[in-house]
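Colleague: please work out how this folds:
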Amino acid sequence: MRIHFIAIGGSAMHNLAIALSLRGDEVTGSDDEIFEPSRTRLMKYGLLPEREGWFPGRVDRSIDAVILGMHARADNPELLRAQELKLPVFSYPEFLYEQSRNKRRVVIGGSHGKTTITSMILHVLERCGLETDYMVGAQLDGFEVMVRLSSGAPVMVIEGDEYLTSALDPRPKFHVYRPDIALISGIAWDHMNVFKTYDAYIDQFRIFASMVPPDGRLIYCQDDGELNRLVSRLDPAIRKTPYGIPEYRLEQGVTLMRCAGMEVPLQIFGKHNLLNINGARMACREFGVSDEQFAEAIGSFRGASGRLELIAEGDTVSVFRDFAHAPSKLKATIQAVREQFPGRELFACFELHTYSSLNLDFLPQYRGTMEAAHVPVVFFNPHTLQMKHLPLISEQEVKNAFADERLQVFTDSRELAAFLHSLTWKNKNLLLMSSGNFDGLDLCNLAGEITRQGG
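Modeller: The predicted structure follows:
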C-alpha cells in the first residue's frame, strides 16, 4: 500500500509510519513542526519530510490511504485535497481498527496506568513467545517501535486513550477500537477541555465497557469506587473479572510480590504498579498464560519509558521521572517513592502543563495530592497558559488549590534549576513529574549533577 500521513511527527503517528514502512508499505508524510525524538527516528528510517509544512500537491490518486493525526485541523490543505480526490481518510485509531478487524482486540483503558499495563502484557507475551500485534504509548526495552501490525498475529493489544480521535471525529479513541477484552484500571476526571463535567467523563467509560461482547470479558480494578459503581450497572451478560493489590512485602528496598505460590522480586515498585501487575496478569490469562509463566516473566520488567523511570542515582540519592499529570497519578506516584525509600527525604516537583491542570476550575482536584512529599514543588510556565488561551493564575491560587502552604511555586525554569542545585542531596530523592519538559530543562543533566553532589 501507499500511505500518506498528515501530521507524521506525532508520537503515535511517527511510530505507526515506521511500523508500516518496516512492514513493506510505501510511506510518505507531512507536518508543520517535528520535534525530537520523532525527527531523529523518522530520519533513521528515511521518512523525515524534506521540508516542514503542508503540500497538497503531494496528495494524488496513487495514494491508497491517508492517515490523519490529531494535530491536523479540519481545514488542513492536504486533508482538503484528499477529500476532493475522495481518497480513503482514516484517523490513527480507525486505521488500527481496520488493520485488526479480524483479530481479537485487547484494549487497555483507564485514567491512569494504561501505558504501564499494556507494556507489562507485551513484556510477558514476548517472554512467553506469543506473537501479538500492539500499540503502546511509550518506548519499551526490546521493542523497535511502539506499534506492530502483521498479517499473522491473531491478537492485538491496544492502549486505549479516552481522548478524541481526530479533528473530524469527536469519539474517544478507545470507543473506535471496539474491544473483545477490555481492561479499565481506574477512573479519575481528566481532559476537562473535552469532557466539561465529571459525569460526561464517566460516561465515556460506561460506553467503552458496554462494548464488550458476550464472549468477551471486562477486567477492572475493584479498588476503584467509581469503577465499581459503573460495573454494577452494566449488563449482567458481560463477563467480568475484578482485580486488586496482590500480596507483597518490602525487603532491603526490593518489592517481593506473591504470585503462583512464589515470591517474585520486582524491578518496579509502588502500590499503583502492583495493581497494574495484577491487571496485566488477568489479561495475560486470556492469552493462555499461566500464573506461573506470568510470575517468571514479570520479574524482569523494568518499566515503561517515563513511568517512574530512574534517570540517575548515587549511593544516597535517586532521581525519578514520571509522566504523572492527573491528580490520582500524582498522588500514587509520590506515595510509591515515599514508601520505597522511607529513610530519605522526598522532593516532589510537578509541572502544571495540561489544559486541565492549568484551569482554575480544575486545580482544586489537586487538593492534598502532594501531602506525602517532604518538600512539594510546583512549576508552571505562564506562556503555556497563553498558548492554551487560559487566564493567568497566581502562585497563591496554586497554593490554595493544593491546600498546602508548604508548597513552593516556580514560574521560571532557571529559578527552579537554581533552587534544586542549591540543595544538599545526601539521603534525599527527587521526583520530577510532568507530561511536558519543564520548559526545556535538561532533566538528565540536572539529575546527573544532583547524584554526583549527593554521593
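Colleague: what pLDDT is listed against Phe205?
Modeller: The score at Phe205 is 96. That number is its pLDDT.
Colleague: okay, now it: neighbour count?
Modeller: Phe205 sits with 24 neighbouring residues when counted by other Cβ atoms under 10 Å. Any C-beta I mention is one placed from the backbone N, CA and C, and that applies to glycine too.
Colleague: shouldn't it be within a helix?
Modeller: Yes - counting by DSSP: H, G, I helix; E, B strand; the rest coil, Phe205 is part of a helix.
Colleague: excluding chain neighbours, what is closest to it?
Modeller: Ile187 (5.5 Å; Cβ to Cβ, 6 or more residues apart in numbering).
Colleague: what of Gln267?
Modeller: In space, Gln267 is closest to Arg302, 4.9 Å off (Cβ to Cβ, 6+ apart).
Colleague: now do the SS call for Val194.
Modeller: Classified using three-state DSSP, Val194 is coil.
Colleague: for it, list the residues it contacts.
Modeller: Neighbouring residues of Val194 by Cβ atoms under 8 Å, 6 or more residues apart in numbering: Tyr163, Leu164.
Colleague: got the contact list for Thr115?
Modeller: Val136, Gly137, Ala138, Glu159, Ala304, Arg307, Phe323.
Colleague: which stretches of the stretch 351-455 of the chain form helices?
Modeller: Along the stretch 351-455 of the chain, the segments classed as helices by DSSP state H, counting those that start in this stretch run 382-387, 395-402, 413-421, 443-454.
Colleague: could you dump those to TSV with mean neighbour count?
Modeller: Below are the helices of the stretch 351-455 of the chain laid out as TSV (neighbours: other Cβ atoms under 10 Å):
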stretch	mean neighbour count
helix 382-387	13
helix 395-402	17
helix 413-421	15
helix 443-454	17
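Colleague: before we move on, the earlier item: so which strand or helix has the residue nearest to Phe205?
Modeller: Assigning secondary structure by DSSP states H and E places Ile187 outside every helix and strand.
Colleague: how is this structure divided into domains?
Modeller: Per automatic domain parsing, the domain ranges recorded for the chain read 2-87, 95-298, 309-454.
Colleague: distance from the shortest one to the middle of the chain?
Modeller: In terms of Cα atoms, centre = their mean, to the nearest Å, the centre of domain 2-87 is found 23 Å from the chain centre.
Colleague: which is the next helix or strand following the lowest-mean-pLDDT helix or strand in the chain?
Modeller: Lowest by mean pLDDT, DSSP states H and E among the helices and strands of the chain is strand 164-166, with a mean of 85. For strand 164-166, the succeeding helix or strand toward the C-terminus, using DSSP H and E, is strand 169-172.
Colleague: mind listing what's buried along that next one?
Modeller: Neighbour-count burial for strand 169-172 flags Asp169, Pro172 (criterion: 16 or more other Cβ atoms under 10 Å).
Colleague: quick one: strands adjacent to it?
Modeller: Partner strands and pairing direction for strand 169-172 (DSSP bridges) are strand 164-166 (antiparallel).
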